[in-house]
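A.B. asks: show me how the following folds:
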Amino acid sequence: MSAPYWVVAFYKFTELTDIVNLQATLKQFCISHEILGTILIANEGINGTVSGREESIQAVVAFLKANAHFADLDCKYSYADFSPFQKIKIFVKKEIVTLGVPNIKPALKTGTPIAPEAWDQLINDPEVFLIDTRNTYETELGTFKGALDPKTENFRDFPNFVKENLDPKKHKKIAMFCTGGIRCEKASSYLLEQGFENVYQLQGGILKYLERTDSEKSSWQGECFIFDDRIVLEKEFIIAKS
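C.D. replies: Next up is the predicted model:
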């Protein structure tokens, strides 16, 4: 399937310093290539979703990967019949995904990443406690079978959910997932800091899982909410990339 626009979602936890200069050069590049969307830059890394023509999206990914910090940038691609963004916005922030807890460093320590192909086997283990780290308006549209919905309104609520519902002595194995991987990666880093030992995260998030998993064999139920004008992402609009 093809459509006029490509969309790429990406993130990378890495320790950055000259983020203001990165913001300026990246914005200039996006404007010159007619790329629209939102990118967040912080000392802890980069997080964004942008859209454009195929050649423009390939160019911006190449531009980012030319930076040593982003050489192994995690990217998820999809099609769109229309541009799901109205302008390009690049912000410098304290965090690229806001947990609101200081000294959490996913660039240095996170849970064990689980490839989409191995995810169903992991979550079918009766000893694994499966948590959806997304917000209520997302989980209402779809989630993995058997996943716990933390009933959070935003990611900042996650630490309080952990405090009230999880115990390192009781929950020996915890698996988490989110849309593209960034929230569950940061959440796994947080859980490790709280004394949880066996923490797993879905590598590439739901988007990568849907890309690589046969719908008939999938544990996913419902639709996947995304943060652009498309609202949900259908599997047929996902671009498979190796």
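A.B. asks: and the residue most central in space within the chain, how close does it get to residue 129?
C.D. replies: Among the residues of the chain, the one closest to the centroid is residue 180, at 2.5 Å (C-alpha atoms, centre = their mean). Distance of residue 180 to residue 129, computed by C-beta to C-beta, to the nearest Å: 22 Å. For every residue, glycine as well, the C-beta is placed using N, CA and C.
A.B. asks: my read: the residue nearest to the centre of the chain touches residue 9, true?
C.D. replies: Yes - counting by C-beta atoms under 8 Å, residue 9 is a contact partner of residue 180 at 5.0 Å.
A.B. asks: any shared contact partners between the two?
C.D. replies: 76, 207 (C-beta atoms under 8 Å, 6 or more residues apart in numbering).
A.B. asks: pLDDT averaged over the lengthiest helix in the chain - what is it?
C.D. replies: Longest helix in the chain, counting residues (DSSP state H): helix 19-32. Averaging pLDDT along helix 19-32 yields 98.
A.B. asks: for that helix, list every residue counted as buried.
C.D. replies: 19, 22-23, 26, 29-30 (16 or more other C-beta atoms under 10 Å).
A.B. asks: list the contacts of that helix.
C.D. replies: 16, 35-37, 39, 41-43, 50, 60, 63-64, 67, 88, 90-92.
A.B. asks: swap in stretch 158-170?
C.D. replies: 99-101, 129, 133, 150-152, 174, 183, 187, 190-191, 194-197.
A.B. asks: run the last query once more with 10 Å
C.D. replies: 99-101, 104, 129, 131, 133-135, 148, 150-152, 171, 174, 176, 183, 186-187, 190-191, 194-198 (C-beta atoms under 10 Å, 6 or more residues apart in numbering).
A.B. asks: buried subset of the residues you listed, written for PyMOL?
C.D. replies: Of these, the buried ones go into a single PyMOL selection, burial set by 16+ other C-beta under 10 Å:
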select buried, resi 99+104+129+131+133+134+135+148+150+152+171+174+176+183+186+187+190+191+196+198
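A.B. asks: about what we covered before: what subset of the contacts of helix 19-32 is buried?
C.D. replies: 16, 35-37, 39, 41-42, 50, 60, 63-64, 67, 88, 90.
A.B. asks: let's have the residues you listed in TSV, adding pLDDT and distance to residue 212.
C.D. replies: Formatted as TSV, these follow (pLDDT from 0 to 100; distance: C-beta to C-beta, whole Å):
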residue	pLDDT	distance to residue 212
16	97	29
35	97	26
36	97	27
37	97	24
39	98	25
41	98	29
42	98	29
50	97	22
60	98	23
63	98	26
64	98	22
67	97	27
88	98	30
90	98	30
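A.B. asks: report the two of these separated the most.
C.D. replies: Using C-beta to C-beta, the buried ones among the contacts of helix 19-32 reach their maximum pairwise distance at 16 and 36, which is 23.2 Å.
A.B. asks: where in this structure is pLDDT low?
C.D. replies: 1-2, 231, 234-237, 239-242 (pLDDT under 70).
A.B. asks: mind listing the strands for the chain?
C.D. replies: Secondary structure of the chain (DSSP state E): strands located at 5-13, 36-42, 45-52, 74-80, 88-92, 112-114, 128-132, 142-144, 173-177, 198-202, 220-222, 224-225, 232-233, 238-239.
A.B. asks: now tabulate those strands in CSV and tack on distance to residue 122.
C.D. replies: Listed next are the strands of the chain as CSV, based on distance: least, C-beta to C-beta, whole Å:
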stretch, distance to residue 122
strand 5-13, 22
strand 36-42, 29
strand 45-52, 25
strand 74-80, 19
strand 88-92, 35
strand 112-114, 5
strand 128-132, 6
strand 142-144, 11
strand 173-177, 6
strand 198-202, 6
strand 220-222, 14
strand 224-225, 19
strand 232-233, 23
strand 238-239, 22
